[in-house]
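# Next input, structure requested:
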Amino acid sequence: MTRMKTLLLSAVAASSLALAGLALAADDHKMTGVLIDNACGAKQKDEAAAAKHPMACSKKDSCAASGYQLVVGEKHYMLTDKGNDVAKAYLAKADSTKVTVTGKMDGDKIDATDIKAAAEKKS
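Numbers count the residues shown, from 1 in each chain. Prediction:
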């Protein structure tokens, strides 16, 4: 009986850990849009306008100091401090501001854990 009880408890514990891991992974969101500094992003109406903003501007110290955001359609999502660090690292070697951001959402803020160039859509 004790062996069966131990086996059952082990199975329940393993299942709980697996479910907890799935719950954590489910919190990650992926969104594709235009990465832009907050100072200039506030002046952009939508993603199309933000896409015309020069990447060199977002790399300037004065603009970078304002933090970053992702513009998706007409919605602006600010990055957290940690997300801003990820954005700076991405922009240091980037060829495009059209990106896919992975991270956790907190209201209209993204706690970005990864930023990659978005795949080009083929027509």
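
# Helices of the protein, start to end?
2-26, 38-41, 47-51, 55-59, 61-64, 81-92 (DSSP state H).

# low-scoring pLDDT stretches of this protein, where are they?
Applying pLDDT under 70 to the chain flags residues 1, 4-26, 121-123.

# how about 90 then?
1-29, 106-108, 119-123 (pLDDT under 90).

# how many neighbours does Ile110 have?
Applying other Cβ atoms under 10 Å, we find 26 residues neighbouring Ile110. Bear in mind the C-beta positions are built from the backbone N, C-alpha and C, glycine included.

# Oh, that last question was meant for Pro54, not what I typed.
Using other Cβ under 10 Å, Pro54 is surrounded by 10 other residues.

# Quick check: it vs Thr97, distance?
9 Å (Cβ to Cβ, to the nearest Å).

# what do you get for Lys60?
Lys60 sits 14 Å away from Thr97, going by Cβ to Cβ.

# Name the residue in the two with the higher neighbour count.
Thr97 (23 against 13).

# What's the separation between that one and Gly67?
Distance of Thr97 to Gly67, given as Cβ to Cβ: 15 Å.

# repeat for Gly103
Gly103 is 14 Å from Gly67, by Cβ to Cβ.

# ok, for Lys109, nearest residue in space, not its chain neighbours?
Distance criterion Cβ to Cβ, 6 or more residues apart in numbering; nearest residue to Lys109, sequence neighbours excluded, is Met78 at 5.1 Å.

# gap between that neighbour and Asp111?
From Met78 across to Asp111, the span is 10 Å (Cβ to Cβ).

# Tell me what Lys98 is bridged to.
Judged by DSSP bridges, the bridge partners of Lys98 are Val34.
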